[in-house]
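Engineer: the following block contains a protein sequence and its predicted model.
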Amino acid sequence: DQQVKQNSPSLSVQEGRISILNCDYTNSMFDYFLWYKKYPAEGPTFLISISSIKDKNEDGRFTVFLNKSAKHLSLHIVPSQPGDSAVYFCAAKTSGGSYIPTFGRGTSLIVHP
Amino acid sequence: GAGVSQSPSNKVTEKGKDVELRCDPISGHTALYWYRQRLGQGLEFLIYFQGNSAPDKSGLPSDRFSAERTGESVSTLTIQRTQQEDSAVYLCASSRGQGSAEAFFGQGTRLTVV
């Protein structure tokens, strides 16, 4: 049973527009959430994170929103650029215990020029 | 080193042979993770090390899979009697091991079992 779900396998967006990638989780013990970006033939790279004590974290063009009651988070990229085309993985973990991140299946984002 | 390093980058092996995959984590990172990504799938957790101990091996798919870590540094993932379904990209990550610390990934080893 997937504890972290990314229900959209792919997303296509025009350059300059907003990209919204969604993630849902089922484990209420998760209290720290991360987004990773992965280019082909490379390992995932950390993008942005958010603690459950916050509902928003912003870093440049990237903003992550957390809705704890809905167990939902989203990554907004504004404005989207062709170089943002990659697979985006949502991950969640508990700050106590083993800190093992649990990953979703990823969403492939394509930003068209 | 500056980042997580994995070797080899690619490995093609015959079904039934054993393979060893190596991971050199970021110096000072106490936590080390192995994941695999099969074609079209997400990142599947395999095993977690804290120091040289593996408190969580729950993701290892069968007893053909084993891993060790020495010197709180290098880790080796061994797959015995490889099967075609073992074909995947095997990813290693390390972190400071604290609750909010992000994990840094290596580039992965692409394993193909023919």
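Structural biologist: Here it is on my side, so go on.

Engineer: quick one: is the helix or strand bottoming out on mean pLDDT in chain A near chain B?
Structural biologist: Least confident helix or strand of chain A, by mean pLDDT, DSSP states H and E, is strand A:102-103 with a mean of 92. Yes: using C-beta under 8 Å from any C-beta of the partner chain, strand A:102-103 reaches chain B at A:Thr102, A:Phe103. Backbone N, C-alpha and C define where each C-beta goes, glycine included.

Engineer: which non-adjacent residue is nearest the residue nearest the centre of chain B?
Structural biologist: Ranked by distance to the mean C-alpha position of chain B (C-alpha atoms, centre = their mean), the top residue is B:Trp34 at 3.4 Å. Nearest non-adjacent residue to B:Trp34, counting by C-beta to C-beta, 6 or more residues apart in numbering or on different chains: B:Leu46, 4.2 Å away.

Engineer: partner strands of the helix or strand that comes right after the least confident helix or strand of chain A, parallel or antiparallel?
Structural biologist: Beyond strand A:102-103 in the direction of the C-terminus, DSSP states H and E gives the next helix or strand as strand A:107-112. As defined by DSSP bridges, the strand partners of strand A:107-112 come to strand A:10-14 (parallel), strand A:86-93 (antiparallel).

Engineer: now do the buried residues in the shortest one.
Structural biologist: By 16 or more other C-beta atoms under 10 Å in any protein chain shown, the buried positions in strand A:10-14 come out as A:Leu11, A:Val13.

Engineer: quick one: average pLDDT of that strand?
Structural biologist: Averaging pLDDT along strand A:10-14 yields 97.

Engineer: dump that strand to PDB, keeping only the CA atoms.
Structural biologist: Presented in PDB, the C-alpha positions along strand A:10-14 are these (Å, rounded to 0.1, in the frame of the first residue of the first chain):
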ATOM      1  CA  SER A  10       2.900  13.300 -16.200                       C
ATOM      2  CA  LEU A  11       2.200  17.000 -16.600                       C
ATOM      3  CA  SER A  12       2.700  19.300 -19.600                       C
ATOM      4  CA  VAL A  13       3.000  23.100 -19.100                       C
ATOM      5  CA  GLN A  14       3.800  26.000 -21.300                       C
END
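
Engineer: enumerate the residues of chain B near chain A.
Structural biologist: B:4, B:6, B:31, B:33, B:35, B:41-43, B:45, B:48, B:50, B:55-56, B:91, B:93, B:95, B:97-108.

Engineer: narrow the residues you listed to just the buried residues.
Structural biologist: The buried subset of the residues of chain B next to chain A (16+ other C-beta under 10 Å) comprises B:4, B:6, B:31, B:33, B:35, B:42-43, B:45, B:48, B:50, B:56, B:91, B:93, B:95, B:97, B:101-108.

Engineer: coming back round to it: how close does the residue nearest to the centre of chain B sit to B:Ala93?
Structural biologist: Distance, B:Trp34 to B:Ala93, using C-beta to C-beta, to the nearest Å: 8 Å.

Engineer: pretty sure B:Cys92 is touching B:Tyr33, no?
Structural biologist: Yes: applying C-beta atoms under 8 Å as the test, B:Cys92 and B:Tyr33 come out as touching, 7.0 Å apart.

Engineer: what bits of the chain have low per-residue confidence?
Structural biologist: Assuming you mean chain A. Within chain A, the stretches with pLDDT under 70 are A:97-98.

Engineer: ah, I was thinking of chain B
Structural biologist: B:1, B:98-100.

Engineer: one more time with 80, if that's ok
Structural biologist: Counting by pLDDT under 80, chain B contains low-confidence ranges at B:1-2, B:97-101.
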